[in-house]
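Novice: any chance you could fold what I've pasted below:
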Amino acid sequence: MWKLCFPMDTDTFIDFYFDEVYKNDETLIYFENGKTAAVFQMIPYTLKNGEEISQAGYISGAMTHPDFRRKGFMKELLFASFDIMRTRGFDYTFLVPQEAWLFDFYTKFGYKTILPPKNLTNPSDHRYESAGPKQSAGNQYYITYSRFLSEIPQVVLKTEKQFQQILHDFFDENGVLFANEQGIAFTFQEKNKIGIKEFFYQNQKVKDLFLKAICDYYSQEEIVILNSPDHLTGLRGMIKRLNDRKPDISELYINMMLE
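Specialist: The predicted model follows:
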């Protein structure tokens with residue numbers, strides 16, 4: 001069913017998702033006449049909103065079998081998921097629509113579009129060291145990544161396991177990671193363009209060091225930075241409040257998710 005609904009996903013990604021991400025107790029399935037009609041996962045994440053930490057369910061892999069579309073089955077699943085997530089202590093639920101028309105669809109169920117935070121204050125300056133491409137990353141790179149995320153006022157935080165899952169998918173798509181204690185950059189090459197999907201750095205000197213290392217590695221000078229501490233972009237997502245005691249969230253940095 002995943003291959004039918006998401007034909008652009010590779011067998012490698014699908015195998016990885018069901019081996020490492022998928023869990024039965026985080027999955028809702030609507031059965032019709034003994035057949036799977038609609039399904040999605042509710043993956044737990046932690047949200048930081050200023051000084052407040054909350055739990056949220058990320059709706060992933062939402063799909064309806066073509067034979068059962070426009071029958072309201074996804075609607076039934078969503079309403080059921082809200083009650084389940086509240087029972088599990090989730091304060092919010094969020095998602096990243098993959099097509100423009102889905103923003104209107106999810107609005108009907110109380111989801112609101114969220115924008116990335118307008119700015120980010122860089123952490124204090126520290127020493128720096130040379131940056132180079134990394135083909136694997138251990139706990140030290142998670143610590144660096146997590147530290148930078150924690151500096152963002154409104155952000156989706158990642159556990160170490162979620163970080164490793166992101167890296168697996170990133171490397172599977174031929175991405176190259178540049179990292180040290182003072183910065184981290186997720187880079188990729190697309191035709192004649194070098195892109196940086198996510199880029200955090202301690203200061204301007206570290207930023208320049210990384211950009212030079214990236215240009216040298218790819219033997220190109222033109223780089224497109226999709227996000228940086230100076231201008232956070234990230235994915236355009238939607239969020240719904242499940243706990244009335246929690247504040248509405250209108251800005252949230254979402255990036256490097258398993259979409």
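Novice: lowest-pLDDT helix or strand in this structure?
Specialist: Lowest on mean pLDDT, DSSP states H and E among the helices and strands of the chain sits strand 133-134, with a mean of 54.
Novice: tell me the helix or strand right after that one.
Specialist: The helix or strand immediately downstream of strand 133-134 is helix 139-150, counting by DSSP states H and E.
Novice: so which elements touch that next one?
Specialist: Helix 139-150 sits against strand 154-157, helix 160-172, strand 176-180, strand 183-190, with contacts defined as 3 or more Cβ pairs under 8 Å, 6 or more residues apart in numbering; DSSP states H and E. The C-beta positions use only the backbone N, C-alpha and C, and glycine is treated the same way.
Novice: redo that, cut-off 7 Å
Specialist: The contact analysis (3 or more Cβ pairs under 7 Å, 6 or more residues apart in numbering; DSSP states H and E) places helix 139-150 against helix 160-172, strand 183-190.
Novice: in it, which residues are buried?
Specialist: Using 16 or more other Cβ atoms under 10 Å as the test for burial, helix 139-150 gives Tyr141, Tyr142, Thr144, Tyr145, Phe148, Leu149.
Novice: redo the residues you listed as JSON lines? Include distance to Asp208 and pLDDT.
Specialist: JSON lines is the format used below for the buried residues of helix 139-150 (distance: Cβ to Cβ, whole Å; pLDDT from 0 to 100):
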{"residue": "Tyr141", "distance to Asp208": "21", "pLDDT": "91"}
{"residue": "Tyr142", "distance to Asp208": "25", "pLDDT": "93"}
{"residue": "Thr144", "distance to Asp208": "18", "pLDDT": "93"}
{"residue": "Tyr145", "distance to Asp208": "20", "pLDDT": "94"}
{"residue": "Phe148", "distance to Asp208": "17", "pLDDT": "93"}
{"residue": "Leu149", "distance to Asp208": "22", "pLDDT": "93"}
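Novice: given the lengthiest strand in the chain, what are its sheet partners and their directions?
Specialist: For the chain, the strand reaching the highest residue count under DSSP state E is reported as strand 35-49. Take DSSP bridges as the rule and strand 35-49 pairs in its sheet with strand 27-32 (antiparallel), strand 52-64 (antiparallel), strand 154-157 (antiparallel).
Novice: tell me the buried residues in that strand?
Specialist: Those buried within strand 35-49 under the rule 16+ other Cβ under 10 Å are Ala37, Ala38, Val39, Phe40, Gln41, Met42, Ile43, Pro44, Tyr45, Leu47, Lys48, Asn49.
Novice: and for the residue nearest to the fifth one when sequence neighbours are not counted, the neighbour number?
Specialist: So that's Gln41. Once flanking residues are discounted, Gln41 sits nearest to Ser60: 4.5 Å by Cβ to Cβ, 6 or more residues apart in numbering. When neighbours are defined as other Cβ atoms under 10 Å, Ser60 has 19 of them.
Novice: identify the bridge partners of the closest residue to Ala62 other than its chain neighbours.
Specialist: The spatially closest residue to Ala62, leaving aside those adjacent along the chain, is Phe40, at 3.9 Å (Cβ to Cβ, 6+ apart). Beta-bridge pairing of Phe40 under DSSP bridges involves Leu28.
Novice: so Phe40 makes contact with Ile59?
Specialist: Yes. Contact criterion Cβ atoms under 7 Å: Phe40 and Ile59 qualify, at 5.5 Å.
Novice: between the two ends of stretch 192-209, how far is it?
Specialist: Stretch 192-209 has its terminal residues 22 Å apart, counting by Cα to Cα, to the nearest Å.
Novice: check the offset of stretch 174-188 from the chain's centre.
Specialist: The chain centroid and the centroid of stretch 174-188 are separated by 16 Å under Cα atoms, centre = their mean, to the nearest Å.
Novice: kindly report the same for stretch 176-192.
Specialist: That offset, for stretch 176-192, works out to 17 Å (Cα atoms, centre = their mean).
Novice: quick one: buried residues of that stretch?
Specialist: 176-188.
Novice: ok, which pair from those is furthest apart?
Specialist: Spatially, the most separated pair among the buried residues of stretch 176-192 is Glu181 and Phe188, at 22.9 Å (Cβ to Cβ).
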